[in-house]
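1. Any chance you could fold what I've pasted below:
(one chain, ligands or ions: 1)
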Amino acid sequence: MNKKGTLAILIGPSGSGKGTLIKQLLQDENETFLSVSATTRAPRPGEVDKVNYYFVSKDEFEQMIAEDALLEHACYCENYYGTPKAPVFERLERGEHVLLEIEMQGARQVKKAYPDAVSIFIMPPSIEELRRRLTGRGTETAEVIEKRMAAAVGEIEYAKECDCVVVNDDVIRAANEIAEILNRYTKQ
Ligand code: 5GP
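-> The predicted model follows:
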């Protein structure tokens, strides 16, 4: 039987540096693919259809649910988000690793349906560092930062449910640690 890739769910609070870490990982690892989700939210400036997301209408999204074309889906801040199923399994069959960058409701659905999936929590090095990163972006008001801090503390609780916790203290080190986890969980 051919070697199958690992299905990995990456979860982490806003400010955990998850985006930068994923970029580093994709740059280092050729056979690792980031799943492109479908969403009903409007594209942000600079976002490209089919690259950042498949931007679809509510009807199109509901059609995908009806056709069982999604691995998981969730409603987050009044928009639908979901993972198209077919590309994920095609890649895994080819022996590639597939990363899902999704929120907690979706992560729980994937773990339930596919217990072989590995859930990896990206932990900011400390609460102080998280605050520094959120403040450092310079894009959010003090009120929004406090809301995000409160949400992050709640999300950190979810780490207990995850298979692995990676502390994002250094992006290269943390990306290497994730690459090792992906290879360790590979099915023969
Ligand atoms: P944003 O609108 O900021 O791009 O994403 C909002 C949230 O939705 C983030 O936590 C992101 O990880 C999550 N998300 C993105 N794609 C999916 C998906 O396919 N399924 C689920 N369940 N969550 C997703």
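
2. give me the residue from the protein nearest the ligand.
-> Closest to the ligand within the chain is residue 106: 2.3 Å, counting by Cβ to the nearest ligand atom. For glycine as for every other residue, the C-beta is placed from the backbone atoms N, C-alpha and C.

3. Would you agree that residue is in contact with residue 75?
-> No. Counting by Cβ atoms under 8 Å, residue 106 stays clear of residue 75, with 10.2 Å between them.

4. More neighbours: which of these two?
-> Neighbours were counted for residue 106 and for residue 75 using other Cβ atoms under 10 Å; residue 106 has more, 23 against 11.

5. Can you give me the buried ones in the strand or helix carrying that one?
-> Element membership for residue 106, per DSSP states H and E: helix 104-113. Neighbour counts over helix 104-113 (16 or more other Cβ atoms under 10 Å) mark 104, 106, 107, 108, 109, 110, 111 as buried.

6. ok, residues contacting the helix or strand that it is followed by?
-> Next along the chain after helix 104-113, taking DSSP H and E as the criterion, comes strand 118-123. Residues from elsewhere that reach strand 118-123, judged by Cβ atoms under 8 Å, 6 or more residues apart in numbering: 6-12, 16-18, 21, 107, 110-111, 156, 158-159, 161-168, 174, 178, 181-182, 185.

7. So what are the sheet partners of strand 118-123 and their directions?
-> strand 7-11 (parallel), strand 164-167 (parallel) (DSSP bridges).

8. which of these sits most buried?
-> Across the strands paired with strand 118-123, averaging neighbours per residue (mean count of other Cβ atoms under 10 Å) puts strand 7-11 on top, at a mean of 24.

9. ok, and does it reach over to the ligand?
-> No. Using Cβ under 6 Å from any ligand atom, strand 7-11 stays clear of the ligand, coming no nearer than 7.8 Å.

10. what sits up against that strand?
-> By Cβ under 8 Å, 6+ apart, strand 7-11 touches 18, 21-22, 88, 92, 97-104, 106-107, 110-111, 114, 116-122, 155, 158, 162, 178, 181-182, 185.

11. and that strand with helix 104-113, angle?
-> Using axes from the mean of the first three to the mean of the last three Cα atoms, to 10 degrees, the direction of strand 7-11 lies 150 degrees away from that of helix 104-113.

12. So which bits of this protein are right by the ligand?
-> Taking Cβ under 6 Å from any ligand atom, the part of the chain that reaches the ligand is made up of 37, 41, 72, 74, 76, 81-83, 101-103, 105-106.

13. which residue is nearest the centroid of this protein?
-> residue 101 (1.2 Å; Cα atoms, centre = their mean).

14. So in terms of bridging, what pairs with the closest residue to that residue other than its chain neighbours?
-> Using Cβ to Cβ, 6 or more residues apart in numbering and skipping the chain neighbours, the partner closest in space to residue 101 is residue 10 (5.3 Å). For residue 10, the beta-bridge partners are residue 101, residue 120 (DSSP bridges).
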